[in-house]
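**Student:** I would like the atomic coordinates for the input below:
(one chain, ligands or ions: 2)
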Amino acid sequence: MARYELVKRSVALITLTNPPVNALSSAVRHAMAKSMEQALNDPKVTAVVICGENGRFCGGADIREFAGPLRGPPLVPLLDAIEAGEKPVVAAIEGVALGGGFELALVCHYCIAHFKARLGLPEVTLGILPAAGGTQRLPRLIGIPAALELITTGRHISAQEALKLGIVDQVTEQNACEVAVEFALRAVAKPLSSRRVSMLTTPCPPDLDALLEVVTMEVKKKARGVMAPLACIQAVRAAATMPYSKGIKRESELMATLFNSGQARALQYCFFAQRTAGKWTLPSGAQWNNSKPREIRSAAIIGLGTMGRGIVVSLARAGISVIAVESEKKLLETGKQMVIGMLERDAKRRGVSASLNLLKFTLSLQDLKDVDLVIEAVFEDMALKKRVFQELSKVCRPATLLCTNTSGLDVDALAGVTDRPHLVVGMHFFSPAHVMKLLEVVCGPRSSSETIATAMSLGKRMGKVSVAVGNCPGFVGNRMLKPYLDQATFLLEEGATPEQIDKALEDFGFAMGVFRMSDLAGLDVGWRIRKESGLTGPDVDPKNPPRRRHGRRYCPIPDMVCEQGRFGQKTGRGWYMYDKPGGTNAKPDPLIQNLLEMYRSRYAIQPRNISDKEIIERCLFALANEGFRILEDGIAARPEDIDVIYLFGYGFPRHRGGPMFYASMVGLERVLERLEHYHQAHPDVPHLEPSPLLKKLVACGSPSVQTWREHIKTMHSHL
Ligand code: 3HC
Ligand code: NAI
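**Tutor:** Residues are numbered from 1 along each chain as shown. Ligands and ions are numbered 1, 2, ... in the order given. Predicted structure coming up:
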């Protein structure tokens, strides 16, 4: 857990050995304490260097240990002792110094960082704060404003930025450990008192209160309802106003309030869920660690519309050469200019050069004969997509993978028209595709494990969080969205307003309520789908029977809004009104209010006061209920996969963990009871009927979300 060696006759080299990230587990802390004691007591030792095995300094406290009671030596006294020691200690940072790893570096008297190293205090993203002195030492070292920014955001910084801020003493392109040993030898004779950060006085701005107030407001706006950043601000205030001995106690008190909170549990769950999602498994036994992805050097995109452009940018940014195909010259030219502009802006922001040389634009599918993979992103029209796939089958070499970005059509039906159904898979990106992190990899029943592995690994290469899902209408994300949207519009019928529903959802933590989000996405898309599926349009008699389709409740208000040409932000009118077409400042619209009143009186609906609690329960429990059905159907393998999809694709608040984790936090028994209650009140809404899996889990004593998988017996897995 920590290796101790004497190098250059007088330097104790302590190497943390807890792969893969050398997390500070109880065993590591124990070994570190012993090694430090040995170094400080050995008269031959004049200096100490601390480094991490395998080119990684330290990824911080062992998060897996957070669930149990604290074992082994606590970190704060251990770090205090390192700082107080009379022999110079040098941190040799390679790879990462994060969280407790960064705090370890802060107590070392000197820091050498490899130029590729990254440092940061990401505790806030786990719902906690840096509790090994980080909130007390960092402000003393770099000042309050810079420390506040790093601690409240959890942002990772480069070695160069750390050097500029005065966190590290030297950045090297050589082996950091070797450089640190030489540095340590030179540091032996130098006094250490000014190198003990806890002894420094925090450089304090004269307007401290005003500064903290501004940061508090910013944090509250950015992370509505999230506790950890606010506690971080309080801890930094303590660093500014108290001596270290008192500040560290304040840090510890604040940590205690966060540590056992539901938010910390949710955020730590998200950390592991994201990593679990990459570990896909098929019923055949094929899985992430036994299926080799193909190497993708070149790709093609068909259709340079909203999605195609973003996908081209994502691929080029990952260093893959791309051929983009459009149907008409003018559209090709427009798409080309848009892609070039996006790539140039993106490269400027990241301080790199735009990879324009990787791009080729064409009107001919014939140019695709040698590419490794194609992603089709033409209109959502099955007949058109089938024609494109048939054509691709003829043109592309037999080994080329054929992928579709359809947002809900049958991937297997497309596979069926090709000469290589095993090489067909869905790659469902989210808009804007070069920004959104989520990628649903839709596995058709005939997609081979190599094909799935390739799509998953390509997603990772593009910086996406890829989740393998089964093939059904809407896959996971869009399938679950339907009951959520339905509940929101039913609540409108019953007496709520768009702004009331949005506020309840935004107070819950969503960045945008459902109606503001729909205005942003465009209301016409769903309207077109409803018309195509016969739910609305001239052939449907709205009075016979009213507010019902196919035997279930149907709310025609969204259709009525679209019939008035209100398509959302792009037309300047939707569920809200905007200053101008394309405007983003949503204001309540009296015309919508009138429409709702007329609608209710037409159908003799007595509006009632609807509580925020009912809004949250009906929207979110209906969402989770569909998630349970998706698990039953084998469309998603694990609740973690569903949660990751909602976190990265639909803006579900991370501090709530995702819809399935949220349901588990509320208590499955309570979710079941509320769904039964609402279903009784609305028997014509099948989505409110509790799913068999939810009932089964409750009957099994509501096990933790991580063990649901053991209770899911799928009749037929679609994965
Ligand atoms: N504790 C326990 N396990 C950890 C861990 C940690 N701090 N950091 C990473 N791991 C595990 C991951 O779960 C994963 O496990 P798996 O292989 O079983 O799925 C494995 O290490 C590799 O992690 P990644 O897949 O994330 O590897 P990457 O190379 O992509 O990223 C990393 C490495 C940047 C270090 C990233 O893992 C990371 O950000 N880790 C968390 C860092 C963090 O938040 N540290 C703060 C901890 S809290 C703390 O220190 C409190 C302190 O103030 C007292
Ligand atoms: P879009 O309408 O913006 O773009 C489609 C493009 O395909 C147009 O530029 C069109 O000229 C081109 N095209 C049509 N036929 C073609 C052909 N035969 N050859 C070459 N190009 C052709 O559509 P959008 O929004 O980009 O959607 C594309 C696909 O992505 C659809 O299947 C959609 O369901 C899916 N999708 C859309 C999302 C969105 O938010 N817009 C999100 C996720 C998936």
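**Student:** who touches I167 in this structure?
**Tutor:** For I167, the contact set (Cβ atoms under 8 Å, 6 or more residues apart in numbering) comprises 105-106, 111, 119, 138, 141-142. Where C-beta positions appear, they are placed from N, C-alpha and C, glycine not excepted.
**Student:** Got the phi and psi for A586?
**Tutor:** Reported as degrees, to the nearest 10, the phi and psi values for A586 are phi -80, psi 130.
**Student:** count of neighbours near the residue nearest to it when sequence neighbours are not counted?
**Tutor:** Of all residues not flanking A586 in the chain, Y576 sits nearest, at 3.8 Å (Cβ to Cβ, 6 or more residues apart in numbering). Neighbour count for Y576, taken as other Cβ atoms under 10 Å: 23.
**Student:** ok, now which ones touch the closest residue to ligand 2 within the chain?
**Tutor:** Nearest residue of the chain to ligand 2: G305, at 1.7 Å (Cβ to the nearest ligand atom). By Cβ under 8 Å, 6+ apart, the residues touching G305 are 335, 377-379.
**Student:** for G100, same thing?
**Tutor:** 24, 58, 60-61, 75, 130, 132.
**Student:** just the helices in the stretch 401-550 of the chain please.
**Tutor:** When secondary structure is read from DSSP state H, counting those that start in this stretch, the stretch 401-550 of the chain shows helices at 411-416, 449-461, 477-494, 498-508, 514-521, 523-532.
**Student:** Tabulate those (JSON lines), appending mean pLDDT, distance to ligand 2 and mean neighbour count.
**Tutor:** JSON lines is the format used below for those (pLDDT from 0 to 100; distance: least, Cβ to the nearest ligand atom, whole Å; neighbours: other Cβ atoms under 10 Å):
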{"stretch": "helix 411-416", "mean pLDDT": "98", "distance to ligand 2": "11", "mean neighbour count": "21"}
{"stretch": "helix 449-461", "mean pLDDT": "97", "distance to ligand 2": "14", "mean neighbour count": "22"}
{"stretch": "helix 477-494", "mean pLDDT": "97", "distance to ligand 2": "9", "mean neighbour count": "22"}
{"stretch": "helix 498-508", "mean pLDDT": "97", "distance to ligand 2": "20", "mean neighbour count": "21"}
{"stretch": "helix 514-521", "mean pLDDT": "95", "distance to ligand 2": "7", "mean neighbour count": "22"}
{"stretch": "helix 523-532", "mean pLDDT": "90", "distance to ligand 2": "7", "mean neighbour count": "16"}
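**Student:** Nearest to A264 among those would be which one?
**Tutor:** Proximity to A264 (Cβ to Cβ) singles out helix 498-508 among those, at 17.9 Å.
**Student:** tell me the angle that closest one makes with helix 514-521.
**Tutor:** Angle of helix 498-508 versus helix 514-521, following axes from the mean of the first three to the mean of the last three Cα atoms, to 10 degrees, is 100 degrees.
**Student:** Would you mind pulling the contact partners of helix 498-508?
**Tutor:** So helix 498-508 is in contact with 224-225, 488, 491-492, 512-516, 575-576, 588, 592, 610, 612, 615-616, 619-620, 653, 656, going by Cβ under 8 Å, 6+ apart.
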